[in-house]
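Chemist: here are the coordinates; sequence isn't available:
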């Protein structure tokens, strides 16, 4: 086992023991290639994710997986997680205090994985990195924070709500290979 694997296992165990964390459903920690270039971050697990203990396996996750395949990527080659690691009741949006309590764990998870590009899915995860951003205005654009390159896109669940949102989502996904290429060039110049 390498340092990243050990770090993620220890982090997961710590979360499972942390009684301060809100919500009592199954912990959906994340999955994928821990040596990935691209890390996707959603808001919180839904019902199917809670049942299976895996992120993005419901309808929105199926759309994400299919969209990645359309650009020649495999789900196994990226890492997928959420800010809040347990399902809010009735699939409601995560509350600010829930996000706040899970944030330190996400921060450590990102530090361990150390991706080249972070792709927040939707406004909650986008605002973790870009607090003043608006998802409809800023999705599909590349940002550089003090530590990370961030490329927010619509949440796949939002894309499932209509043709306009689906087109925007698909277009942003299609631009991902160019975004990662640009980031790698910027990193190599430093």
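Modeler: That came through fine. Keep in mind that what you see is a predicted model, and the values were worked out from it rather than measured. Numbers count the residues shown, from 1 in each chain.
Chemist: from the chain's centre, how far out does stretch 140-148 sit?
Modeler: Chain-centre distance of stretch 140-148: 14 Å, with CA atoms, centre = their mean, to the nearest Å.
Chemist: tell me which residues in it are buried?
Modeler: For stretch 140-148, a neighbour-count test (16 or more other CB atoms under 10 Å) marks 140, 142-143, 148 as buried. Every residue, glycine included, has its C-beta placed from N, CA and C.
Chemist: Let's see which of the residues you listed end up in strands.
Modeler: Per DSSP state E, strands hold the following members of the buried residues of stretch 140-148: residue 143.
Chemist: Tabulate the buried residues of stretch 140-148 (CSV), appending distance to residue 65.
Modeler: Output for those, formatted as CSV (distance: CB to CB, whole Å):
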residue, distance to residue 65
140, 20
142, 23
143, 25
148, 24
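Chemist: Span of stretch 18-35 from start to end?
Modeler: One end of stretch 18-35 to the other measures 26 Å (CA to CA, to the nearest Å).
Chemist: I meant to write stretch 165-185 there.
Modeler: Terminal residues of stretch 165-185 lie 30 Å apart, using CA to CA.
Chemist: Could you check it and say which residues are buried?
Modeler: Those would be 165-166, 168-170, 172-173, 175-176, 179-180, 183, for stretch 165-185 by 16+ other CB under 10 Å.
Chemist: Stretch 70-89 too?
Modeler: 73, 75, 78-88.
Chemist: export these to JSON lines and tack on secondary structure and pLDDT?
Modeler: Conversion of the buried residues of stretch 70-89 to JSON lines gives the following (DSSP: H, G, I helix; E, B strand; the rest coil; pLDDT from 0 to 100):
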{"residue": "73", "secondary structure": "coil", "pLDDT": "97"}
{"residue": "75", "secondary structure": "helix", "pLDDT": "97"}
{"residue": "78", "secondary structure": "coil", "pLDDT": "98"}
{"residue": "79", "secondary structure": "strand", "pLDDT": "98"}
{"residue": "80", "secondary structure": "strand", "pLDDT": "98"}
{"residue": "81", "secondary structure": "strand", "pLDDT": "98"}
{"residue": "82", "secondary structure": "strand", "pLDDT": "98"}
{"residue": "83", "secondary structure": "coil", "pLDDT": "96"}
{"residue": "84", "secondary structure": "coil", "pLDDT": "97"}
{"residue": "85", "secondary structure": "coil", "pLDDT": "97"}
{"residue": "86", "secondary structure": "coil", "pLDDT": "96"}
{"residue": "87", "secondary structure": "coil", "pLDDT": "95"}
{"residue": "88", "secondary structure": "coil", "pLDDT": "94"}
